[in-house]
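[1] Pasted the sequence and its predicted model underneath.
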2 protein chains.
Amino acid sequence: MNKSIILASASPRRKQLLAQIDFSFEVVPSQVDEDFSIRLNPPDFVEHYAKAKALDVAQDYPDQFVVGADTVVVFDGNILGKPKDREDSFRMLSNLSGNTHSVYTGVSIQCLSKKINDTFHCKTNVTFNTLSDHDITYYIDTYKPFDKAGSYGIQDWFSVCVHGIDGCFYNVMGFPLSQFYQHFTSHQNK
Amino acid sequence: MNKSIILASASPRRKQLLAQIDFSFEVVPSQVDEDFSIRLNPPDFVEHYAKAKALDVAQDYPDQFVVGADTVVVFDGNILGKPKDREDSFRMLSNLSGNTHSVYTGVSIQCLSKKINDTFHCKTNVTFNTLSDHDITYYIDTYKPFDKAGSYGIQDWFSVCVHGIDGCFYNVMGFPLSQFYQHFTSHQNK
């Protein structure tokens, strides 16, 4: 199987996860930014931006498999992206404390010359323990989670704050490995 | 908080996970081996061996926090430990394919001089995709999962074979970080 792709994302977690499943890849970040004022429900939102990111890069690599992804956290009807600053981070984590939220990641696989145009999403529910202000402050000051949707990384110290999940763990890290692999392999003989 | 402990386990995953939550530790593997002919239900089985491992080491370190752990996979009423050989590994993964099994980890925290004697367990359900013989053979030959209960590591290539989980992810890796942290911190002011 040809496991060589273009990853249209600068996320270090996504790079780490693709390496974990023995893919080789070149990173070409897209120039697409999320606009949170757009009115789409979470599955449509993450699929829209995953596809926009992949297509943005695919134009320059029409013969290669280009993969885009977009992750958001959804709580109480609101879509959360990355925190704007320290206060926004504190507010996000305080709201999520003791509650269950959903993480959605959209993934888009594009290969223009082979007319492969496959976009899908994955949802995982995540339940946090009740967090003290001390825990939240320690986490923000030590780990500076400003580049992470929802303001936490389930793969770092914050793991002690997560009671449990229902669904794909790697989706919470930003890339649903199992679902991606199944879609990707289905395109290999085309 | 004093985050210094003795880890009574040689598991590289447990070392990695304790480092992830900023603990410092010395590794002193216990001399206790599991006996799968013992008649205990899964929660009692993993708690029994977690405690036996911790106490085995605690005798030599009576003033320190000693942590033992034991992980098994349970499917169809059977407790699975590490595979005996390649064939056993293939048989385990074939049985688990397309099904949901449970992972139990027992954890025991012991500090003899402070009379701390705390043993508990964590259960996570794991659902596999349907695996082809080719996938299973590739995995066994490439990753040689002979030191892992159930014959897989959810943190390596095998992640593409896992449809989803319900519960604590790190419990499946062999150490339930969130539950451990809550128990551990509850003993800190004693």
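    Cool, the structure landed. Numbers count the residues shown, from 1 in each chain, chains lettered A, B, ... in the order given.

[2] hey, let's count contacts and neighbours off CA atoms from now on
    Fine.

[3] What residues of stretch A:177-190 count as buried?
    Buried residues in stretch A:177-190, counted by 16 or more other C-alpha atoms under 10 Å in any protein chain shown: A:177-180, A:183-184.

[4] does any part of it sit near chain B?
    Yes - applying C-alpha under 8 Å from any C-alpha of the partner chain, one finds stretch A:177-190 in contact with chain B at A:177-179, A:181-182.

[5] what's the closest of those residues to chain B?
    Of all the residues of stretch A:177-190 next to chain B, chain B sits closest to A:Ser178, with 3.9 Å by C-alpha to the nearest C-alpha.

[6] Show me what from chain A comes close to chain B.
    Counting by C-alpha under 8 Å from any C-alpha, chain A sits next to chain B at A:20-22, A:156-169, A:177-179, A:181-182.

[7] and the longest helix anywhere in chain A, what does it pack onto?
    Longest helix of chain A, by residue count under DSSP state H: helix A:42-58. Contact analysis of helix A:42-58 by 3 or more C-alpha pairs under 8 Å, 6 or more residues apart in numbering or on different chains; DSSP states H and E lists strand A:66-75, strand A:100-111, strand A:116-128 as its packing neighbours.

[8] I'd like the average pLDDT over the second one.
    Confidence over strand A:100-111, taken as the mean pLDDT, stands at 98.

[9] Could I get the average pLDDT for the helix or strand encompassing A:Tyr138?
    Secondary structure assigned from DSSP states H and E places A:Tyr138 in helix A:133-143. The pLDDT scores in helix A:133-143 average 96.

[10] And for stretch A:151-161?
    Stretch A:151-161 comes out at a mean pLDDT of 97.

[11] start to end distance for that stretch?
    13 Å (C-alpha to C-alpha, to the nearest Å).

[12] Equivalent analysis for stretch A:151-165, please.
    17 Å.

[13] Now tell me what touches that stretch from outside.
    A:82-83, A:89, A:92-93, A:124-131, A:139, A:145, A:172-173, B:20-22, B:165-169, B:177-179, B:181-182 (C-alpha atoms under 8 Å, 6 or more residues apart in numbering or on different chains).

[14] separation between A:Ala50 and A:Val67?
    Distance from A:Ala50 to A:Val67, by C-alpha to C-alpha: 8 Å.

[15] Who's the closest spatial neighbour of A:Glu34, skipping the chain neighbours?
    Leaving aside its sequence neighbours, A:Glu34 sits nearest to A:Tyr49 (C-alpha to C-alpha, 6 or more residues apart in numbering or on different chains; 6.9 Å).

[16] Contacts only, for the one you found.
    Taking C-alpha under 8 Å, 6+ apart, one finds A:32, A:34, A:69-70, A:106 in contact with A:Tyr49.

[17] overlap in contacts of A:Ala50 and A:Val67?
    By C-alpha under 8 Å, 6+ apart, the residues touching both A:Ala50 and A:Val67 are A:107-108.

[18] Flag the shaky bits of chain A, pLDDT-wise.
    Low-confidence segments of chain A (pLDDT under 70): A:189-190.

[19] Count the residues that sit near A:Ile136.
    Neighbours of A:Ile136 under the rule other C-alpha atoms under 10 Å in any protein chain shown: 19.

[20] List the contacts of it.
    A:90, A:93-94.

[21] returning to that earlier point: among the residues of stretch A:177-190 next to chain B, name the ones in helices.
    Checked against DSSP H, the residues of stretch A:177-190 next to chain B include these in helices: A:177-179, A:181-182.

[22] TSV please, covering those residues and showing distance to B:Leu112.
    Output for these, formatted as TSV (distance: C-alpha to C-alpha, whole Å):
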residue	distance to B:Leu112
A:Leu177	44
A:Ser178	44
A:Gln179	47
A:Tyr181	49
A:Gln182	51
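
[23] Can you tell me which of those residues is closest to A:Pro12?
    Comparing those against A:Pro12 with C-alpha to C-alpha places A:Leu177 closest, at 14.7 Å.

[24] wait, isn't that closest one in contact with A:Ala19?
    No - counting by C-alpha atoms under 8 Å, A:Leu177 stays clear of A:Ala19, with 10.8 Å between them.

[25] residue contacts, the closest residue to A:Val32 other than its chain neighbours?
    In space, A:Val32 comes closest to A:Lys53 once its chain neighbours are excluded; the distance is 5.7 Å by C-alpha to C-alpha, 6+ apart. With contact set as C-alpha under 8 Å, 6+ apart, A:Lys53 has these partners: A:8-9, A:30-32, A:68-69.

[26] What subset of those is buried?
    Counted by 16+ other C-alpha under 10 Å, the contacts of A:Lys53 give A:8-9, A:30, A:32, A:68-69 as buried.

[27] Just the buried ones out of the contacts of A:Ile136, please.
    For those, buried by 16+ other C-alpha under 10 Å: A:90, A:93-94.

[28] before we move on, the earlier item: want to try CSV for the helices and strands packed on helix A:42-58, with distance to B:Lys114 as columns?
    Shown next, in CSV, are the helices and strands packed on helix A:42-58 (distance: least, C-alpha to C-alpha, whole Å):
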stretch, distance to B:Lys114
strand A:66-75, 43
strand A:100-111, 37
strand A:116-128, 31
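
[29] quick one: which of the ones you listed is nearest B:Gly150?
    strand A:116-128 (24.1 Å).

[30] just to revisit the earlier point, out of the contacts of A:Ile136, which comes closest to chain B?
    Nearest member of the contacts of A:Ile136 to chain B, counting by C-alpha to the nearest C-alpha, is A:Leu93, at 16.4 Å.

[31] Confirm the closest one sits in a strand?
    No - counting by DSSP: H, G, I helix; E, B strand; the rest coil, A:Leu93 falls outside a strand, being helix.

[32] Test my guess that it contacts A:Ala149.
    No - A:Leu93 lies out of contact with A:Ala149 (C-alpha under 8 Å); the separation is 11.0 Å.

[33] Where does the nearest residue to A:Lys148 once chain neighbours are set aside sit: helix, strand or coil?
    Counting by C-alpha to C-alpha, 6+ apart, A:Lys148 lies nearest to A:Lys82, which is 5.2 Å off, once chain neighbours are set aside. Following three-state DSSP, the label given to A:Lys82 is coil.
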